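A.B. asks: no sequence for this one, just the structure:
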Ligand SMILES: CC(C)(COP(=O)([O-])OP(=O)([O-])OC[C@H]1O[C@@H](n2cnc3c(N)ncnc32)[C@H](O)[C@@H]1OP(=O)([O-])[O-])[C@@H](O)C(=O)NCCC(=O)NCCSC(=O)C[C@@](C)(O)CC(=O)[O-]
């Protein structure tokens, strides 16, 4: 067992969390959510996505969101950029960090970004080099690391191959997405063993959805293998538009509670984080999916 002393949480609620919401959410509400998240102590926030508004209408105000976020020392706001068009729009608003997003499944790549895995890597290469030339860091996502909604099982070796190619391309970190939340602790271990044989463990992040209720236990397995970066979504918001039935990311409140219980430093104020969760749940008119958020709200009401 080698639990990290510190974990960096990448808050993906404003992007991954909201991208699939059917009702338009105002830019003002997105910015208010981001302010609450900063106030809670989150320092890495994925705020928007420069993708086609025809494909993902909810992210159509990416420019306005990135223009509206307040600068704070030590806080980084990032955005997804699948191609040069997206990167140019992101650079035009002075983005600090971008992310390219691929997958270990051919079918998912086709449904999500309309190309094959090898075409996606060809598209990402100039995004990475031009972002770097502009002094902007690039993160990579690999989706379907423990299963695909179209193909089922995905071999850990395929996840390792795609992760390695993105890392070699110059992405500073590879976030491993269990897009449909089908992973289990042993699958998590097998996947991480394969990937970390090619990409150093300290360059990997866990991005687990909670569809089957396994995200926290899978994170515990990942933490025990040395993963020290976790993506999470306040109130457990989310779902992927190209993975039907995928539930939200693991809830940030639940991750922080777990980490606090393990004595791992996050720098996040759980009470303030719950306020952020309560705010956005009210905006979208749905109860929070965070058990910790609900428990804290119930105990505060007594
Ligand atoms: C990638 C594309 C754009 C290719 O889409 P395409 O149709 O193959 O691209 P195209 O180059 O042929 O362009 C078609 C139209 O899109 C426009 N376009 C082209 N690029 C852009 C852009 N960047 N921003 C704005 N508009 C763009 C372009 O200008 C054109 O407009 P038209 O002439 O028809 O009016 C499209 O497939 C797309 O936007 N897909 C959305 C994918 C997405 O956002 N998925 C959700 C995020 S991934 C995810 O959630 C998983 C993750 C990361 O969280 C990890 C996990 O959980 O596993």
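C.D. replies: Received, thanks. A quick note: this is a predicted structure, and the numbers were derived from the prediction, not measured.

A.B. asks: residue 87 reaches residue 98, doesn't it?
C.D. replies: Yes: at 6.3 Å, residue 87 counts as touching residue 98 under the criterion of C-beta atoms under 8 Å. For glycine as for every other residue, the C-beta is placed from the backbone atoms N, C-alpha and C.

A.B. asks: pull up the overlap in contacts between these two.
C.D. replies: 81, 127, 131 (C-beta atoms under 8 Å, 6 or more residues apart in numbering).

A.B. asks: remind me what the worst-scoring helix or strand of the chain on mean pLDDT packs against, helices and strands.
C.D. replies: The helix or strand of the chain with the lowest confidence, counting by mean pLDDT, DSSP states H and E, is helix 291-301 at a mean of 91. Counting contacts by 3 or more C-beta pairs under 8 Å, 6 or more residues apart in numbering; DSSP states H and E, helix 291-301 packs against helix 252-261, helix 270-284.

A.B. asks: can you give me the buried ones in that helix?
C.D. replies: 292, 293, 294, 296, 297 (16 or more other C-beta atoms under 10 Å).

A.B. asks: now swap in stretch 22-30 and tell me
C.D. replies: For stretch 22-30, the neighbour count (16+ other C-beta under 10 Å) marks 25, 27, 29, 30 as buried.

A.B. asks: residues contacting the second one?
C.D. replies: Yep, that's residue 27 we're talking about. Residue 27 sits in contact with 61, 64, 65, 68, where contact means C-beta under 8 Å, 6+ apart.

A.B. asks: what's the distance between the second one and residue 2?
C.D. replies: Think residue 64. 43 Å (C-beta to C-beta, to the nearest Å).

A.B. asks: for the first one, same thing?
C.D. replies: Plainly put, residue 61 is 42 Å away from residue 2 if you go by C-beta to C-beta.

A.B. asks: ok, back up a step: quick one, which of residue 64 and residue 2 is more surrounded?
C.D. replies: The neighbour count for residue 64 versus residue 2, taken as other C-beta atoms under 10 Å, is higher for residue 64 (15 against 8).
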